[in-house]
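Trainee: 3D model of this:
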Amino acid sequence: MALVTANRFNTLRQQIDNVLGNGSGDTGYGQTLITQSVQVGDLINATNINNAYEDLRKAYKHQTGGNPASNLIQIVSQGDLIKENDGVNYTGWDQYEALATTIGTNRLTVDSTQQSVVLASSNERGSWNGTITLIINVNFTSADARRHYFNAGGYIQISSSTTDSSSKGTSWNSVMGGNLKFSAHGTTHTGNGSVTGSGIGNYELDGTSQRLLSNFDAGGGAYSANDYYVDVERTSDTQIRFTMTWRDEAGGNPDENISNLRSYIYTATAITDVIGTAPGVVRGSGDNF
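Mentor: Model (predicted):
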């Protein structure tokens with residue numbers, strides 16, 4: 001029989017709260033637990049344990065896309081004898097503590113089925129040439145809301161393209177193509193260019209402008225001098241600013257304008273058992289897009 005003391009139960013609850021609840025730093029999804037702390041002398045009953053199971057299940061499903069398998073952990077029934085380790089019914093205290101450790105280890109992981117990825121902002125520019133910039137502000141309701149968004153696997157995705165089918169338009173689609181994804185602890189990009197900020201995510205922002213993506217002299221041929229780059233800055237505890245720059249330095253013969261430049265910003269917000277809140281995405285001031 002497992003001796004589940006108040007201290008031992010509350011330690012488990014704290015492990016769960018670090019992941020599913022408010023947490024601190026890069027832990028915490030911002031959810032309200034149903035597992036309640038107990039006092040010394042309280043009788044820990046089936047309801048207490050099954051509440052812990054439900055909170056563990058929510059975090060596990062968010063991370064993996066499915067509920068814990070029956071050979072990992074199961075709920076208990078009134079009258080069950082709780083063992084230290086139960087390799088038959090998987091209701092042992094070891095099973096509960098092991099799953100709490102697992103969700104803590106995988107806290108920044110999210111299954112794609114547990115996210116809603118939506119277009120949060122789109123901007124279109126007509127005929128252009130020279131250097132243009134677009135400033136996008138991502139706003140959170142609080143510093144904790146910002147933490148919770150990224151901790152639950154949220155990210156900001158940036159992409160741009162043109163429908164211009166000229167040789168210069170085709171070149172620019174190669175230069176700026178792909179998806180830039182800014183996450184909790186890093187940035188990735190699927191297209192051309194150097195992810196100079198691969199180690200920069202939400203938690204690496206230092207209040208200065210930091211380069212995430214560089215694609216310089218990338219157009220090829222007559223358009224080889226063209227550049228595309230993306231910078232990020234934490235302007236406050238509740239705002240992150242992204243600046244995209246398109247620099248058309250190609251001469252061409254003659255130097256052609258490009259039409260219909262489009263920029264898209266997507267958010268990815270937790271859904272189902274972990275419910276997130278998407279940040280607000282608005283165009284900032286001071287650009288010339």
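
Trainee: Confirm residue 188 sits in a helix?
Mentor: No. Counting by DSSP: H, G, I helix; E, B strand; the rest coil, residue 188 falls outside a helix, being strand.

Trainee: For it, list the residues it contacts.
Mentor: 180-181, 195, 198 (CB atoms under 8 Å, 6 or more residues apart in numbering). Where you see a C-beta, it was placed from the backbone N, CA and C, and this is true even at glycine.

Trainee: Check residue 186 too.
Mentor: Residue 186 neighbours (CB under 8 Å, 6+ apart): 198-201, 204.

Trainee: Name only those of these that count as buried.
Mentor: With burial judged by 16 or more other CB atoms under 10 Å, the buried subset of the contacts of residue 186 is 200-201.

Trainee: could I get the contacts of residue 186 as TSV with pLDDT?
Mentor: Shown next, in TSV, are the contacts of residue 186 (pLDDT from 0 to 100):
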residue	pLDDT
198	94
199	96
200	98
201	98
204	98
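
Trainee: Check the contacts of residue 186 and tell me the two furthest apart.
Mentor: Farthest pair in the contacts of residue 186 (CB to CB) is 198 and 204. Separation: 10.3 Å.

Trainee: any idea where the helices of the protein begin and end?
Mentor: 6-20, 46-64, 93-105, 143-151, 167-176 (DSSP state H).

Trainee: could you dump those helices to TSV with mean pLDDT, distance to residue 234 and mean neighbour count?
Mentor: What follows is the helices of the chain, written out as TSV (pLDDT from 0 to 100; distance: least, CB to CB, whole Å; neighbours: other CB atoms under 10 Å):
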stretch	mean pLDDT	distance to residue 234	mean neighbour count
helix 6-20	95	24	19
helix 46-64	96	26	21
helix 93-105	94	26	18
helix 143-151	98	9	21
helix 167-176	93	24	21
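
Trainee: Show me the shaky parts of this protein.
Mentor: Low-confidence segments of the chain, defined by pLDDT under 70: 1-3, 88, 250-255.

Trainee: what sits against residue 9?
Mentor: When contacts are counted by CB under 8 Å, 6+ apart, residue 9 touches 37-38, 44, 48, 52.

Trainee: ok, back up a step: who wins for proximity to residue 122 among the helices of the chain?
Mentor: Using CB to CB, those put helix 167-176 closest to residue 122, at 14.8 Å.

Trainee: Kind regards, and thank you for your time.
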